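**Q** mind folding the following:
(chains A and B)
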Amino acid sequence: MKIFLKLFVLLGCAFAVAAHAKEIKLLNVSYDPTRELYQDYNAAFARYWKAKTGDNVVVAQSHGGSGKQAQSVINGLEADVVTLALAYDIDAIAQQAKLLPADWQKRLPNNSTPYTSTIVFLVRKGNPKGIKDWDDLVKLNVVVVTPNPKTSGGARWNYLAAWAYALDKYGHDDAKARDFIKRLYKNVPVLDSGARGSTTTFVEREIGDVLLAWENEAHLAIKQFGVDKFDIVTPPLSILAEPPVAVVDKVAKKRGTTEVAQAYLEYLYSDEGQDIAGRNFYRPRSEKAAAKYAIQFSPVKLVTVDEVFGGWQKAQKAHFADGGVFDQIFQP
Amino acid sequence: MAGGETKQPTKNMKPNPLLIASLVGILFVLPAFAADSTATNSTEAAEIEALKKEIRELAQKVQALEHQRDLDQQTKTEPTQEQIQDLDQKVRILARQRELDQESTTAAAKAQPRITVGANGFSFGSADSNFVVALHGVLQVDSRTFQQNNNVPGNDSILLRRARPILSGTVYRDFDFLFVPEFGGGTPGASSSATTPSIYDAYVNYRYSPAFQVQAGKFKAPVGLEQLQADVNLSFNERSLVTDLVPNRDLGFELHGDIAGGVLSYAAGIFNGVGDARNSSNIGFQDNREFDGRLFIQPFKQTGFKPLQNLGLGVGGSWGDSSITNTLGLPASTGGSTTSSGFFTDGQQQFFAYTNGVVASRTHWRLSPQGSYYYGPLSLIGEYVISDQDVRNDSYSADLRNTAWEISGGWVLTGEDATSTGVTPKHPFNPHNGQWGALQVVGRYAELDVDKDAFPFFSNPAVSASSAKAWAVGLNWYLNRNIRVNASYSRTTFTGGGGAGTSVPAAVTQHPEEVFFTRVQLAF
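**A** You can find the predicted model right below:
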């Protein structure tokens, strides 16, 4: 009996040694323009978690059009966390795959959106077409670059921002707003599947006069390609984009990563997380970080999806579902 | 270039100023000349008139050409900068659309079903790997040559040891399956039924996570380390004496998994129960069940300390209650030329047999501490087994505690790493390029002791050995991942038995067993 006791003690000790320093792998499935943000953030979080627990965390990133990314998770891509462009895409994961509860958005502050952004215009240096507002995008000689709202979360923000402007301009006349959007998309010759693809189209392939872009994406383009190449035009009215984050409960539980995944998202609200968001041209939620980075953002009147469209579910159904307004007005 | 091309025809039609001036001059000079020369005859006047006419015609042609030139210049204006930019944009848009189409085509190709053919077999599956079907196979052609075959028919033999097509796969991502029929299974002297095709493995496994899986069907019971090693990765042709005391394949349900990336592996299940070294048929032999389980820990597996990364220690065990007596609860009986239950040598000859009328009775439990170690070219495996079984005949009953142990090791001479899944040659066999694969030397020692209480009421001490000790050495030549050639020598000595007669096990235990094995193996 003593032999077996010793054996089990030996096994226990060995297991304790092995359990001492774990290497934890997380998969963050995100949308297109967050690559740089999460590269910075993952390194910071890994340092934080190592200091706190002694464990190593390696966070793999997956990026693409937000809608496509959500569909991948629904189809089985094992994401521990999702950080997508809009709440509707995470709702789809909750509803179709039941991988997280329907009230997921209540689990973190600010409706689980640790940072915000908006939609601006990136134009060629000197703004040769004189683009100042949404009206300028429907002129005959203006070529507009924006991704496909059927696959890209950013594109849906672009579309809804333009629609919100048209409603504002035409006294909430839906028919006129619809005509405005139709004319705008007549000026769009290429529909990329994601925001990063559209940036490539505009910046690298030199197509178009104006790129409808996430604010952070526009700043990154200037940072990367030089201030002598592009200007940012912030229209007087745009939309408040709130990209949310969530733990994919069932996947995290299955992979034994729930605790780390939760901490990973919570740390986005920390001083360091907020600072990284600001540094990557997202609008931080915290007052401290928002004040620090305020200088890099132009003033703009922001409307919300809830105010103008009654929420994402309604907006999705009316505009982007198969047979919706976008399908009706856009002829490739 | 475009500008050049448009100017060229204009240049050809451009009037020569010198020619025009000359013609005009002539028009003025000729009348004056005529007036001064009143004596000019009528012929000259006519010539002059003709010349004047010709000059007028030429002048008209010049005017016409000038007019044409003006028209051409009006219609053939050079493109504006705006038009060039517009064209440039159109070309860029077309190029980008083509680029996106190609991306789309590539993405669509990724969604196509995948077919793979390689050293790991053939497989085809959906693009997302949620559905996969794979075909593998094992073929082993053996020879056994005994120093003294002791009139055991067929023990000196060339045999098809294993011939198994293996179908495995996954459905709906989390459900795995395995189906392994056996068409070989040749055992010297065995009845023809021993080589009848049979099902070896047939199970469905639900993988909730690596740490939590549930398996149902027929598969290896989780007790013995050597028994759990894949047949194609054994160091020798046959497993050692220690495997005589653990269950082989059984029918049941098993909960199993790997925790912390394989640092701790566990398996626990409920099975029909089988005798030592037995394979279950496709139905149980009794109404009661057997519980089998195993824990195996590789404490350094996830650390960076390579010398201990592949050190594993574990313990397996079983407990079952055979309330309805049956010989199927006793050890295997398919070796040699006998159908009696008993234990077998490396050469698959029976050296111990229960006498007729002995049956399994009541409790049967096993315990097996075990360990393995792999580091570079070195491999070591050790295992100890206690098989405690109640037996009875018409007059007596007893609790017999049989024990066995083994230790085996190997060294890859060509420097490749030895692993639990075999050796992968750095330079697969290709004599044209001077590549010869990998060579491994292996050695093994094993003992099996039968409880002394087995004699004489349950086994005849005159014919059955009470213990066997075996050592073996061998050379394994890995030509590549799929082809392997083995040669080994094994010597087994016995205590007890050895009585006169030509029947098994007496004939086997009369002399030490010395046997030379060879094997040619295909596994993919």
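
**Q** now the strands for the stretch 1-150 of chain B?
**A** For the stretch 1-150 of chain B, the strands defined by DSSP state E, counting those that start in this stretch occupy B:114-118, B:121-125, B:132-146.

**Q** ok, the first one: who's next to it in the sheet?
**A** Note on strand B:114-118: by DSSP bridges, its sheet partners are strand B:121-125 (antiparallel).

**Q** so, low pLDDT: which residues of the stretch 1-150 of chain A?
**A** A:1-21 (pLDDT under 70).

**Q** so which residues of it form strands?
**A** Under DSSP E, counting those that start in this stretch, the stretch 1-150 of chain A gives strands at A:23-30, A:56-62, A:81-83, A:115-116, A:119-124, A:144-145.

**Q** next: the stretch 401-524 of chain B.
**A** Counting by DSSP E, counting those that start in this stretch, the strands of the stretch 401-524 of chain B are B:438-449, B:465-478, B:483-496, B:513-523.

**Q** so which of the strands of the stretch 1-150 of chain A is nearest chain B?
**A** strand A:23-30 (6.6 Å; C-beta to the nearest C-beta). For glycine as for every other residue, the C-beta is placed from the backbone atoms N, C-alpha and C.

**Q** show me chain B divided up by domain.
**A** In terms of domains, chain B is parsed into B:13-93, B:114-523 (source: automatic domain parsing).

**Q** in chain B, what residue lies closest to chain A?
**A** For chain B, C-beta to the nearest C-beta, closest residue to chain A: residue B:299, 3.1 Å.

**Q** tally of neighbours for that residue?
**A** Counted with other C-beta atoms under 10 Å in any protein chain shown, residues neighbouring residue B:299 total 24.

**Q** just to be sure, it is in a helix?
**A** No: counting by DSSP: H, G, I helix; E, B strand; the rest coil, residue B:299 falls outside a helix, being coil.

**Q** that one against residue B:310, yeah?
**A** No: if you go by C-beta atoms under 8 Å, residue B:299 and residue B:310 don't touch, sitting 10.9 Å apart.

**Q** what about the strands in the stretch 151-300 of chain A?
**A** Under DSSP E, counting those that start in this stretch, the stretch 151-300 of chain A gives strands at A:210-214, A:230-233, A:237-239, A:245-247, A:283-284.

**Q** quick one: distance of the second one to the chain centre.
**A** Relative to its parent chain, strand A:230-233 has a centroid offset of 21 Å by C-alpha atoms, centre = their mean, to the nearest Å.

**Q** using CSV, write out every CA atom in it.
**A** Taking Å, rounded to 0.1, in the frame of the first residue of the first chain, the C-alpha atoms of strand A:230-233 are listed here in CSV:
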residue,chain,number,x,y,z
PHE,A,230,-4.3,62.0,-48.1
ASP,A,231,-6.5,64.3,-46.2
ILE,A,232,-9.2,63.4,-43.7
VAL,A,233,-12.6,65.1,-44.1
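
**Q** who does it pair with, and is each partner parallel or antiparallel?
**A** Strand A:230-233 has these strand partners (DSSP bridges): strand A:119-124 (antiparallel).

**Q** ok, the spatially most central residue of chain A - contacts?
**A** Centroid-nearest residue in chain A, with C-alpha atoms, centre = their mean: residue A:85, separated by 3.1 Å. Neighbour list for residue A:85: A:31, A:32, A:66, A:152, A:153, A:154, A:156, A:157, A:195, A:241, A:243 [criterion: C-beta atoms under 8 Å, 6 or more residues apart in numbering or on different chains].

**Q** next one: residue B:376
**A** B:415, B:417, B:418 are the contacts of residue B:376 under C-beta under 8 Å, 6+ apart.

**Q** most neighbours, which of those residues?
**A** Among the contacts of residue B:376, residue B:418 has the most neighbours (other C-beta under 10 Å), with 24 neighbours.

**Q** before we move on, the earlier item: could you dump the domains of chain B to JSON lines with mean pLDDT?
**A** Formatted as JSON lines, these follow (pLDDT from 0 to 100):
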{"stretch": "domain B:13-93", "mean pLDDT": "71"}
{"stretch": "domain B:114-523", "mean pLDDT": "91"}
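
**Q** what's the most buried one of those?
**A** Mean neighbours per residue, mean count of other C-beta atoms under 10 Å in any protein chain shown, is largest over the domains of chain B for domain B:114-523, with a mean of 19.

**Q** what's the end-to-end length of it?
**A** Domain B:114-523 has an end-to-end distance of 22 Å (C-alpha to C-alpha, to the nearest Å).
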